[in-house]
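Colleague: from the sequence below, what's the structure:
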Amino acid sequence: MYSQQTDLSAASVAADCAGWHFCAMLLAEPDAESLAILSEQAGLRDWLAPALHELSAMPLDAWQGEHTHLFTFPAVCPPFATAYLEEGTLNGHRAAALESYYAALGLRPTGLPADYLGTICECAAFLCEHGDRVVLQDFCQDYLGDWLDRFLEDLRTKSNILLYQGLALELGSLVYELLNDEVTA
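Modeller: Predicted coordinates for the structure are as follows:
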């Protein structure tokens, strides 16, 4: 019984880590390869099949236009912490705090802002893969807890395609299940 529980736990952790990477990927600008890459994930997420069906009937430039409308400044739901926390500015105090956090982990910048949600998701995936759930919970609480609700609500209500509405559900599920989970040391 113990080994089954350990296997289930390991499978759950692996799924969570993959979920963080998946959310980061969905925030990236779609290109000609994006639909095929997403199709590989279709069986893993119930909400993705209808989103893929919708996207397959849509020209790529329409999908890219929705991405731009949602996420590119001036965006209706900018995926940056400072945009929500510091009166719509970019690269503010939260970005500086995240840069320090990443540096303490030995992570190097990739050219994307430190407070970009895709960067935050990749850091969460890194923390998940390194196995300290309490550290991951603290990271999410400290760097997502004060603005993610507003971003997810904007994404749910302002997106015109199912993919980004699904992203809001996926990301919300990852974060809030983690934050509501009691971790025992």
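
Colleague: nearest the geometric middle of this structure, what residue?
Modeller: C23 (3.6 Å; Cα atoms, centre = their mean).

Colleague: correct me, but that residue touches C121?
Modeller: Yes. Applying Cβ atoms under 8 Å, one finds C23 in contact with C121, separated by 4.7 Å. Yep, even glycine has a C-beta here, placed from its N, CA and C like the rest.

Colleague: which residues do the two both contact?
Modeller: In terms of Cβ atoms under 8 Å, 6 or more residues apart in numbering, C23 and C121 are both contacted by the residues L171.

Colleague: next SSE downstream of the helix or strand hosting the residue nearest to the centre of the chain?
Modeller: Assigned by DSSP states H and E, C23 belongs to helix 2-27. Using DSSP H and E, the helix or strand that follows helix 2-27 towards the C-terminus is helix 34-39.

Colleague: now do that following helix: which elements does it pack against?
Modeller: helix 48-56 (3 or more Cβ pairs under 8 Å, 6 or more residues apart in numbering; DSSP states H and E).

Colleague: for the helix or strand following the helix it packs on, buried residues please.
Modeller: With elements assigned by DSSP H and E, the helix or strand that comes after helix 48-56 is helix 60-71. Using 16 or more other Cβ atoms under 10 Å as the test for burial, helix 60-71 gives W63, E66, H67, H69, L70, F71.
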